[in-house]
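**Student:** Need coordinates for the below:
(one chain, ligands or ions: 1)
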Amino acid sequence: MAITAPVIISGAGPVGCTLALRLARGGVPVRLLEASPSLPETLRASTFHPPTLDMLDRLGMAAPLVAQGLVCPRFQYRDRRTGEIAEFDLGLLADLTRHPYRLQAEQWKYTRLVWETLQREHPDVAGCLFSHAVRGVYDTGEGVEVLVWVDEGGGRGHEAVLRGSYLVGCDGADSVVRRAVGIPFEGFTYPERFVVVSTPFPLEEKFERLAPVNYIADPEEWLVLLRTPSLWRVLIPTDPAIEDDSRWLADRWIQDRLHHMAPHDGDYPVVHRTVYRVHQRVAASWHRGRVLIAGDAAHVNNPLGGMGMNGGIHDAWNLGAKLLRAHAGEDAMPLLAAYDRERRGVTTRFVQEQTMANKKMLEAKDPGAQARRQQDLMATAADPARARAFLLRSSMIDSLREAGGLD
Ligand SMILES: Cc1cc2nc3c(=O)[nH]c(=O)nc-3n(C[C@H](O)[C@H](O)[C@H](O)COP(=O)(O)OP(=O)(O)OC[C@H]3O[C@@H](n4cnc5c(N)ncnc54)[C@H](O)[C@@H]3O)c2cc1C
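**Tutor:** Numbering: from 1, shown residues only. Modelled structure (predicted):
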């Protein structure tokens, strides 16, 4: 039976936005609720992998996003001590993807594009509401009743109940929806914090042959250097023994780390800094009756490899396909169970494993292990067959194929 009551989506991050647009394109009524008074524009994910861009292309979103981003076919693994470089070129996958590159573009540019598209092209099926925070849900068996706090500003607001066919929690790592239906978030939290510092300084002047995406291994202090169209972002780990976050945001500490990375006369300009905790967790179930979760609400991982947002968009794509089939008349519950099986399965088997391995690889304390890792990466990059296998994995094409592909 066609879905007539709206699918309520909690959270207008990249995952909620993707799901809303995919459903709206298929004529499914949606209601996208965002707790904030406007779209969050914090600097978070900035890497879009090739299969993610292929998906966005099918929604008409790839070309406008590419126009605002940086096309990066090459990325590197560097050994900080020896300066050796293993460089991979996504051009090797040009027969498999229409976007054989990583796109470096801030995630807020993507959510803004989608939000504007929903307003402009789908005002009939997509209602998008700011300052609407989901607080709870009751699954009636026939639909959902969602309790929402409507913030009117100035400390005022009121509660309202919205009725829909399903509720999808795309409300981030602290998901209210996941907690409302009592789903455990299993895994662990790393002891150290991660600091991200953004500078407009042209770091490519400090390193030879620097690619826009670089993973730099070192037994003492690994780094990740990522370029966006206007900034370089430097990801730096911290000492787990020190809990005080203010320490990591202090000018002196940041300048010390940047000068240790690349000596420089005077201070580096710093336009943005953030410190955050990193977790490896997967929700025990992504489907409870008519309530579902996707994206960070369902899984979180370290940012090494850029798999958090991308994996979340792949969840939205998969779930969107299932809901479209339900809208066309298929029995919904087996489809939703398949979503849980496919996406949770691949997230546990692949994304969690891969991101944990990426971190171990960068931070290995044994210099011998570091040297072997670098030699192995260089040998892989130099052998087209091995490089291709490596790229299929790191660009998430393998995991997507395993979880049902690009349907
Ligand atoms: C510093 C940093 C760097 C990162 N870098 C990368 C990277 O390079 N590559 C990558 O793939 N990933 C990266 N990530 C992870 C990435 O940002 C997340 O995986 C991604 O944002 C998840 O998208 P989402 O839509 O699931 O959740 P979010 O982006 O967290 O969006 C959730 C939305 O829900 C809203 N919300 C919350 N509660 C409610 C509620 N009760 N009701 C309604 N709305 C609600 C929030 O306001 C928010 O807009 C990074 C994360 C951080 C913190």
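**Student:** Let me see the contact set for the spatially closest residue to Gly27 that is not a sequence neighbour.
**Tutor:** Closest residue in space to Gly27, ignoring its immediate chain neighbours: Val125 at 6.4 Å, by CB to CB, 6 or more residues apart in numbering. For glycine as for every other residue, the C-beta is placed from the backbone atoms N, C-alpha and C. Shown in contact with Val125 (CB atoms under 8 Å, 6 or more residues apart in numbering): 23-24, 27-30.
**Student:** List buried residues within those residues.
**Tutor:** Buried residues within the contacts of Val125, counting neighbours by 16 or more other CB atoms under 10 Å: 23-24, 28-30.
**Student:** ok so, going back, and the residue nearest to Gly27, what pLDDT?
**Tutor:** With respect to pLDDT, Val125 has a value of 91.
**Student:** just the one 3 residues further on next, same as before
**Tutor:** Predicted confidence (pLDDT) for Cys128: 91.
**Student:** Let me know how buried the closest residue to the ligand within the stretch 251-400 of the chain is, in neighbour terms.
**Tutor:** The ligand sits closest to Gly295 of the stretch 251-400 of the chain, with a gap of 2.4 Å, by CB to the nearest ligand atom. Gly295 is flanked by 30 other residues according to other CB atoms under 10 Å.
**Student:** do the same with Ala379
**Tutor:** With other CB under 10 Å as criterion, Ala379 counts 12.
**Student:** and it, what element?
**Tutor:** In the assignment (DSSP states H and E), Ala379 maps to helix 367-382.
**Student:** residues in contact with that helix?
**Tutor:** Contacts of helix 367-382 (CB under 8 Å, 6+ apart): 77, 79, 81-82, 84-88, 217-219, 361, 364, 386-387, 390.
**Student:** Now a ChimeraX select for only the buried ones of the residues you listed.
**Tutor:** Selecting the buried subset of those in ChimeraX, with 16+ other CB under 10 Å as the burial test, is done by:
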select :77,79,85,86,87,88,217,218,361,364,387,390
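**Student:** which of the contacts of helix 367-382 come close to the ligand?
**Tutor:** Checked against the ligand using CB under 6 Å from any ligand atom, those yield no neighbours at all.
**Student:** Among the contacts of helix 367-382, which lie within strands?
**Tutor:** 77, 79, 85-88, 217 (DSSP state E).
**Student:** Just the residues contacting the lengthiest strand in the chain, thanks.
**Tutor:** With secondary structure taken from DSSP E, the chain has its longest strand at strand 185-199. Applying CB under 8 Å, 6+ apart, the external contacts of strand 185-199 come out as 43, 178, 228, 231-240, 245, 248-249, 254, 257-258, 268-284, 300, 302-303, 352.
**Student:** quick one on the thing from earlier: name the nearest of the buried ones among the contacts of Val125 relative to the ligand.
**Tutor:** Of the buried ones among the contacts of Val125, the one sitting nearest to the ligand (CB to the nearest ligand atom) turns out to be Val30, at 13.8 Å.
**Student:** so the closest one makes contact with Ala20?
**Tutor:** Yes: using CB atoms under 8 Å, Val30 makes contact with Ala20 at a distance of 4.9 Å.
**Student:** overlap in contacts of those two?
**Tutor:** With CB under 8 Å, 6+ apart as the test, Val30 and Ala20 both reach 9, 126.
**Student:** okay, now Ala227: neighbour count?
**Tutor:** Quick fix: residue 227 is Arg, not Ala. Counted with other CB under 10 Å, Arg227 comes out at 20.
**Student:** Contact partners for it?
**Tutor:** 70, 72, 104, 203, 212-213, 233.
**Student:** Repeat the analysis, applying 7 Å as the threshold.
**Tutor:** 70, 104, 212 (CB atoms under 7 Å, 6 or more residues apart in numbering).
**Student:** For it, give me phi and psi.
**Tutor:** phi -100, psi 140 (degrees, to the nearest 10).
**Student:** picking that back up, what strands line up against the longest strand of the chain, and which way round?
**Tutor:** strand 232-237 (antiparallel), strand 272-283 (antiparallel) (DSSP bridges).
**Student:** So which of these is nearest Pro51?
**Tutor:** Set against Pro51 and scored by CB to CB, the strands paired with strand 185-199 come closest in strand 272-283, at 20.5 Å.
**Student:** List the contacts of the closest one.
**Tutor:** Defining contact as CB under 7 Å, 6+ apart, one finds that strand 272-283 is touched by 43, 178, 183, 185-190, 193-198, 245, 248-249, 254, 293, 298-302, 344, 347-348, 352, 356.
**Student:** Sort out which residues of that strand are buried, please.
**Tutor:** In strand 272-283, counting by 16+ other CB under 10 Å, buried: 273-275, 278-283.
**Student:** now stretch 363-380
**Tutor:** For stretch 363-380, by 16+ other CB under 10 Å, it's 363-364, 370, 373-374, 377-378, 380.
**Student:** With stretch 53-73 instead?
**Tutor:** 53-57, 59, 61-62, 65-66, 69-70, 72-73.
**Student:** end-to-end on that stretch?
**Tutor:** With CA to CA, to the nearest Å as the measure, stretch 53-73 spans 13 Å from end to end.
**Student:** For Asn318, grab the count of nearby residues.
**Tutor:** By other CB under 10 Å, neighbour count at Asn318 equals 23.
**Student:** what does the stretch 201-350 of the chain put close to the ligand?
**Tutor:** Counting by CB under 6 Å from any ligand atom, the stretch 201-350 of the chain sits next to the ligand at 274, 276, 295-296, 303, 306-310, 312.
**Student:** Which among the residues you listed count as buried?
**Tutor:** 274, 295-296, 303, 306-310, 312.
**Student:** still on that earlier bit, could you double-check that the residue of the stretch 251-400 of the chain closest to the ligand sits in contact with Val168?
**Tutor:** No: between Gly295 and Val168 there is no contact under CB atoms under 7 Å: 9.5 Å.
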